[in-house]
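Chemist: Have a look at this prediction, sequence included:
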Amino acid sequence: MERRKILLGSGAALATVLAGCSSDETDDDSKSDSDGDESLDDNDGGDETDGTNDGTDDGTEIPGLDSDKLTLDSTKISIKDVNKDGDEIDIIATTTTTDPETLTAELQSLGSTLTAAITDAEKLAAAIDSITWVLEKDGAKVMAFYVDVKWALAYINDEMDEDEFVESVLDTTDETY
């Protein structure tokens, strides 16, 4: 079951992200983590009011992706942190709901979100293989899913319609309500 492998991978990605976020003791802009994790958002979690990306960037870039444009058209889901680890992107988002139907409906804009954020599809495809999303509510994982960059590019190139794209992504969902 490939889905189980993906879910195990997303759990490892979550552990990596959480390990990198667990220490707020220093405010050093030079991130020299030995695991190669590169944070793309300086938001330290102090702005708990809306959970949105504050638009700041520590200079780390994902080739072909503008992380400032990576925002869902949703009132229930907000992107909290974007990290690059090798050829993978990990996105941590907060949600105000745990209802599976509501979350599924909120994720319908995922294709257009990625389309808006991808600035150079060739560079992104050369550098990144996958994008893992983890949705949290009150610090607990609610849902995790995987986006293969090939699916995103097929969607952008009109080789896959929005329903097919969203269904492919939702088929990788790990729901932990």
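Modeler: Received, thanks.

Chemist: Residue 172 reaches residue 143, doesn't it?
Modeler: No. Proximity of residue 172 to residue 143 does not meet the contact threshold set by CB atoms under 8 Å, at 10.5 Å. Backbone N, C-alpha and C define where each C-beta goes, glycine included.

Chemist: Looking at those two, which one has more neighbours?
Modeler: When neighbours are counted by other CB atoms under 10 Å, residue 172 and residue 143 differ, and residue 143 comes out ahead with 24 against 20.

Chemist: so where does the more buried one fall, helix or strand?
Modeler: Using DSSP states H and E, residue 143 maps to strand 140-148.

Chemist: neighbours of the closest residue to residue 71 other than its chain neighbours, just the number please.
Modeler: With sequence-adjacent residues excluded and distances taken as CB to CB, 6 or more residues apart in numbering, residue 71 is closest to residue 79, at 6.2 Å. The local packing of residue 79 (other CB under 10 Å) involves 21 other residues.

Chemist: How much space separates residue 79 from residue 163?
Modeler: 23 Å (CB to CB, to the nearest Å).

Chemist: circling back: specify the local secondary structure of the residue nearest to residue 71.
Modeler: Put simply, residue 79 is strand when judged by DSSP: H, G, I helix; E, B strand; the rest coil.

Chemist: partners of it in the sheet?
Modeler: residue 93 (DSSP bridges).

Chemist: Per-residue confidence, it, what does it come out as?
Modeler: As predicted, residue 79 sits at a pLDDT of 92.

Chemist: Also residue 49?
Modeler: Confidence score, pLDDT, at residue 49: 35.

Chemist: quick one: secondary structure of residue 123?
Modeler: Classified using three-state DSSP, residue 123 is helix.

Chemist: Roughly how far does it sit from residue 137?
Modeler: Residue 123 is 34 Å from residue 137, by CB to CB.

Chemist: Much appreciated, bye for now.
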